[in-house]
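Colleague: Need the 3D shape of this:
(one chain, ligands or ions: 3)
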Amino acid sequence: MGRVGVLLLNLGGPEQPDDVRPFLFNLFADPEIIRLPFPWLQRPLAWLISSSRAKQSQANYQQIGGGSPLRRITEEQADALKQVLADKGTEANIYIGMRYWYPFTEEAVAQIKRDGVEKLVVLPLYPQFSISTSGSSFRLLERLWLEDPALQRIVYTAIPSWYERPGYSEAMAELIVQELDKLENPDQAHIFFSAHGVPVSYVEEAGDPYQREIEHCTELIMRSLNRSNPHTLAYQSRVGPVEWLQPYTEDAIEQLAQQGVKDLVVVPISFVSEHIETLQEIDIEYREIAEEAGIHGFHRVPALNTHPRFIADMADMVTEALEAPRQLFSDVVQPDKKVKIYPQERSAWGLTPVAEVWNGRLAMVGFLALLLELVSGRGPLHFVGIL
Ligand SMILES: C=CC1=C(C)c2cc3[nH]c(cc4nc(cc5[nH]c(cc1n2)c(C)c5CCC(=O)O)C(CCC(=O)O)=C4C)c(C)c3C=C
Ligand SMILES: [Fe+2]
Ligand SMILES: [Fe+2]
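Modeller: Ligands and ions are numbered 1, 2, ... in the order given. Okay, the predicted model is just below:
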């Protein structure tokens with residue numbers, strides 16, 4: 001078959017307090033995370049936001065031991081996947097490519113080249129596709145491939161999303177049942193799916209399939225669960241002033257408390273590993289909100305991590321992808337051909353030379369205002385919570 005590789009894509013996370021600011025810089029410097037009309041403003045803005053957000057973010061990471069467990073868990077997933085693939089007769093090297101921290105995607109790709117991989121499966125560790133997650137990694141890979149003839153010789157295939165696989169929904173259902181069965185009245189517990197949010201504009205203007213996939217995913221998990229418990233889907237981890245997908249997790253928890261819900265079983269669904277949003281945001285912040293609102297039975301379903309059913313299903317996904325027709329990066333970065341997602345659309349303001357000049361001037365005024373706000377600690381961005 002030739003030398004086989006599997007590239008696992010993930011977000012990456014700071015491993016110690018000093019990593020937090022540069023990690024946040026990398027994240028906000030990504031145009032798939034903050035979409036600006038002026039590309040030259042991206043890095044200064046990323047610097048401003050990362051500098052001002054670092055302290056609060058460091059304090060959050062401090063609450064879970066100072067850093068993200070993401071690298072360790074992803075390495076464990078990679079080891080487990082390698083073993084299961086070998087047991088099934090497929091010898092494969094597994095590579096980890098993180099988008100915003102070590103080991104970076106670029107390092108993984110360099111290693112893939114050095115190892116002489118001939119067939120490669122590119123597998124994002126996000127069950128559902130979003131422009132801001134798998135889309136961003138695919139776009140980076142597409143660029144690396146375009147620049148390098150050696151990479152173009154590798155027969156790769158990319159998997160855009162995989163939440164529909166029965167192995168995934170069954171493993172999730174199994175974890176939910178384990179949590180329900182610890183309760184005195186399991187039938188009365190409210191199952192609360194909490195997905196990472198994205199700005200509404202990603203879905204409505206850029207055609208991100210994320211919300212549709214998340215909604216479908218909760219239906220499939222409920223079907224696998226086959227219990228009659230009531231359930232709710234809400235979105236967490238909003239950042240910045242724009243509107244994100246609703247209902248927001250904190251509002252939905254309060255509403256359920258008003259309806260008299262006593263036991264909440266919280267299921268994180270947009271990610272397969274424990275990370276800051278599960279360990280800190282759900283386990284600490286949302287638990288506090290729930291308890292203050294009167295919900296004292298707050299239970300959280302663990303992330304899949306190295307759940308054997310999940311790892312076995314990933315191995316099947318890899319072997320099936322090696323046989324299936326190839327999916328190229330150019331096929332998977334634009335899930336909805338009718339909507340222009342990439343390249344970043346230039347601002348419609350820049351239609352005339354005069355408008356271009358005003359664009360530049362307005363942007364400069366905006367940038368100076370941001371600088372002033374950062375130095376003074378006061379201003380509209382602090383007011384709305386982005387700084
Ligand atoms: C499917 C999962 C995720 C989506 C969609 C997503 C979109 C998204 N995220 C931000 C901003 C931040 N994300 C941060 C951390 C973070 N994000 C995800 C997953 C998704 N993000 C994970 C798993 C993590 C945690 C990694 C870890 O360290 O364990 C952070 C940093 C943490 C913080 O300061 O709160 C930011 C900021 C945006 C703006 C966005 C969509 C546009
Ligand atoms: Fe995020
Ligand atoms: Fe957060």
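
Colleague: hey, let's count contacts and neighbours off CA atoms from now on
Modeller: OK.

Colleague: Pull out the buried residues from the helix or strand that contains Ala290.
Modeller: Using DSSP states H and E, Ala290 sits within helix 287-293. Neighbour-count burial for helix 287-293, counted by 16 or more other CA atoms under 10 Å, picks out Arg287, Glu288, Ile289, Ala290, Glu291, Ala293.

Colleague: Which positions in this structure make contact with ligand 1?
Modeller: By CA under 6 Å from any ligand atom, the part of the chain that sits against ligand 1 consists of 12-14, 33, 57, 68, 70, 126, 130, 132-133, 196-199, 239, 270-271, 275-277.

Colleague: Please list only the buried members of those residues.
Modeller: Among these, those buried by neighbour count (16+ other CA under 10 Å) are 12-14, 33, 57, 68, 70, 126, 130, 132-133, 196-199, 270-271, 275-277.

Colleague: Just the ones of those residues in helices?
Modeller: Ser57, Leu70, Ile276 (DSSP state H).

Colleague: Okay, strands next: where are they in this structure?
Modeller: In the chain, the strands defined using DSSP state E lie at 4-10, 92-98, 119-124, 155-158, 190-196, 231-236, 263-268, 297-300.

Colleague: Flag every buried residue along the fourth one.
Modeller: For strand 155-158, burial by neighbour count (16+ other CA under 10 Å) applies to Tyr156, Thr157, Ala158.

Colleague: what's the spatially most central residue of the chain in contact with, if anything?
Modeller: When CA atoms, centre = their mean is applied to the chain, the residue found nearest the centroid is Thr133 (4.9 Å). Neighbouring residues of Thr133 by CA atoms under 8 Å, 6 or more residues apart in numbering: Leu11, Tyr126.

Colleague: how much space between it and Pro160?
Modeller: For Thr133, the distance to Pro160 equals 11 Å [CA to CA, to the nearest Å].

Colleague: same question, Ser273
Modeller: 18 Å.

Colleague: and what of Asp331?
Modeller: 9 Å.

Colleague: Neighbour count: those two, which is higher?
Modeller: Neighbours per residue (other CA atoms under 10 Å) separate Asp331 from Pro160, with Pro160 holding more: 23 against 14.

Colleague: My guess is that one contacts Ser136. True?
Modeller: No - here Pro160 does not reach Ser136: they are 11.5 Å apart, not a contact under CA atoms under 8 Å.

Colleague: and the residue in the stretch 251-387 of the chain that ligand 1 sits nearest to, what does it touch?
Modeller: Per CA to the nearest ligand atom, His275 is where the stretch 251-387 of the chain lies closest to ligand 1, at 3.7 Å. Contact analysis of His275 by CA under 8 Å, 6+ apart lists Ser68, Pro69, Leu70.

Colleague: Now the first one: phi and psi?
Modeller: Summarising the backbone geometry of Ser68 under the convention degrees, to the nearest 10, its torsions are phi -80, psi 140.

Colleague: Val239 now?
Modeller: phi -130, psi 130.

Colleague: And the buried residues of strand 155-158, which is closest to ligand 1?
Modeller: Closest approach to ligand 1 among the buried residues of strand 155-158 (CA to the nearest ligand atom): Ala158, at 17.3 Å.

Colleague: How much space separates that closest one from Arg212?
Modeller: Remark: distance between Ala158 and Arg212 (CA to CA) = 20 Å.

Colleague: pretty sure Gln188 is touching His231, no?
Modeller: No - applying CA under 8 Å, one finds Gln188 not in contact with His231, separated by 10.6 Å.

Colleague: Which residue, other than its chain neighbours, is closest to Glu91?
Modeller: Spatial nearest neighbour of Glu91, excluding adjacent residues (CA to CA, 6 or more residues apart in numbering): Leu85 at 6.5 Å.

Colleague: so how many other residues sit close to Arg143?
Modeller: So Arg143, with other CA under 10 Å, has 12 neighbours.

Colleague: repeat for Val267
Modeller: By other CA under 10 Å, the residues close to Val267 number 25.

Colleague: So it sits against Phe192, correct?
Modeller: Yes - if you go by CA under 8 Å, Val267 and Phe192 touch, sitting 5.9 Å apart.

Colleague: Single out the residue in the stretch 1-150 of the chain that lies closest to ligand 1.
Modeller: Per CA to the nearest ligand atom, Gly13 is where the stretch 1-150 of the chain lies closest to ligand 1, at 3.6 Å.

Colleague: Spatially, what comes nearest to that residue if we skip its sequence neighbours?
Modeller: Nearest non-adjacent residue to Gly13 (CA to CA, 6+ apart): Ser68, at 5.2 Å.

Colleague: likewise Trp145?
Modeller: Spatially, and ignoring its direct neighbours in sequence, Trp145 is nearest to Leu151 (5.6 Å; CA to CA, 6+ apart).

Colleague: Was I right to think the one you found contacts Lys113?
Modeller: Yes - using CA under 8 Å, Leu151 is in contact with Lys113, at 6.9 Å.
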